[in-house]
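J.: Please work out how this folds:
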Amino acid sequence: MLDPVARVRRFNRAVTSAVGALDTSFLGRGRPLGAARVLNAIGHGRSDVAEIRDYLGLDSGLTSRLLRSLEDEGLVETTVHENDARRRVVRLTRAGRREFAAYEALSNTQADGFLDRHAQREALLAAMDLVASALTLDRIALNEMDPRSDEARYCLGEYYAELGRRFKQGFDVSLSRDPDAKDMRRPRGTFVVAISDTLPIGCVGLKGTDHGYAEIKRLWVAPAARGLRLGRRLMDAAENAARELGIALLRLDTNSALAEAGQLYRRSGWSEIPRFNDDPYPDLFFEKRL
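T.: Numbering: from 1, shown residues only. All right, here's what the predicted structure looks like:
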């Protein structure tokens, strides 16, 4: 059997070499990867220096040196936060915006080149998503979002497609008791999306009703993020939101084809109950008192 540690280290060497992590002029723009990543973070909307430091996993000293190098090039300007003198904020200058755009174009070209190397493009992307989800586990954010947002709609589309593959009879959302978006927004409910560095990788809805209980709906975790206990985190987030909204009783339904979902519910304190709706797809029904 091949040594697992040796395989990981081979992967690390391949990525380091392919992306040019050790080049003194990353993507030929005259500065190393560290400074380019700071510029990228700012260009993508991060302005608080502490947030940039945490996002990139840098210590304070290195963050200051990288920012100073970008300031010396005239690419960024750093100022004191207008409401908190202890915080610093940074923004791109006009030259910085041009440099950011150049990096974006070069990075996109590099990414296309990586994908062109393999005949199974989707399999390669799936493998990348799997690795990225595992490596950024401690930075997966659970954000409340409008269920009509692009991120939510992406998750729901993936969820419906998976049900279509896994249910013997397929899945037609028009035949399901699809919740109204207004019932999954506060103060009636909420919709939570798991984000891994801009990529939506999971969701769950809390649907308010007028029947003395709320429902958990549309729990989904991307294949690349399974095995990371993200489903439990999403359920906990939905239950905590219910408590904040004063909801004492939750219900949900599922299909026995989704065996892992039933196992999660049973392990987390949910009890099976008789059918409580006329949705044609579920055959298992659960309840939990908070």
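J.: can you map out the helices along the protein?
T.: 4-19, 33-43, 49-56, 60-72, 94-116, 121-135, 150-166, 230-244, 259-267 (DSSP state H).
J.: what separates the fifth one from the chain centre, distance-wise?
T.: Looking back up the chat, that one is helix 94-116. 22 Å (C-alpha atoms, centre = their mean, to the nearest Å).
J.: Would you mind listing the outside residues contacting it?
T.: With C-beta atoms under 8 Å, 6 or more residues apart in numbering as the test, helix 94-116 has contacts from 18-19, 27-29, 36, 39-40, 42-43, 70, 73-76, 92, 121, 124-125. Quick note: C-beta positions are derived from backbone N, CA and C, even for glycine.
J.: With the first one instead?
T.: Contacts with helix 4-19, where a contact means C-beta under 8 Å, 6+ apart, come from Ala21, Leu22, Leu33, Gln110, Phe114, Val131.
J.: Make TSV out of these and add pLDDT and distance to Arg88.
T.: Output for the contacts of helix 4-19, formatted as TSV (pLDDT from 0 to 100; distance: C-beta to C-beta, whole Å):
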residue	pLDDT	distance to Arg88
Ala21	94	27
Leu22	94	29
Leu33	96	23
Gln110	97	31
Phe114	96	35
Val131	96	33
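J.: Buried subset of those as a PyMOL selection?
T.: In PyMOL, this line selects whichever of those come out buried by 16 or more other C-beta atoms under 10 Å:
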select buried, resi 33
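J.: of the contacts of helix 4-19, closest to Leu245?
T.: Val131 (37.0 Å; C-beta to C-beta).
J.: Can you tell me the closest non-neighbouring residue to that closest one?
T.: Residue nearest to Val131 in three dimensions, not counting chain neighbours: Phe11, with 7.9 Å by C-beta to C-beta, 6 or more residues apart in numbering.
J.: For the spatially most central residue of the chain, which residues are in contact?
T.: In the chain, the C-alpha nearest the mean C-alpha coordinate belongs to Ile195, at 1.6 Å (C-alpha atoms, centre = their mean). Contacts for Ile195 (C-beta under 8 Å, 6+ apart) come out as Ile140, Ala141, Leu142, Asn143, Glu151, Ile201.
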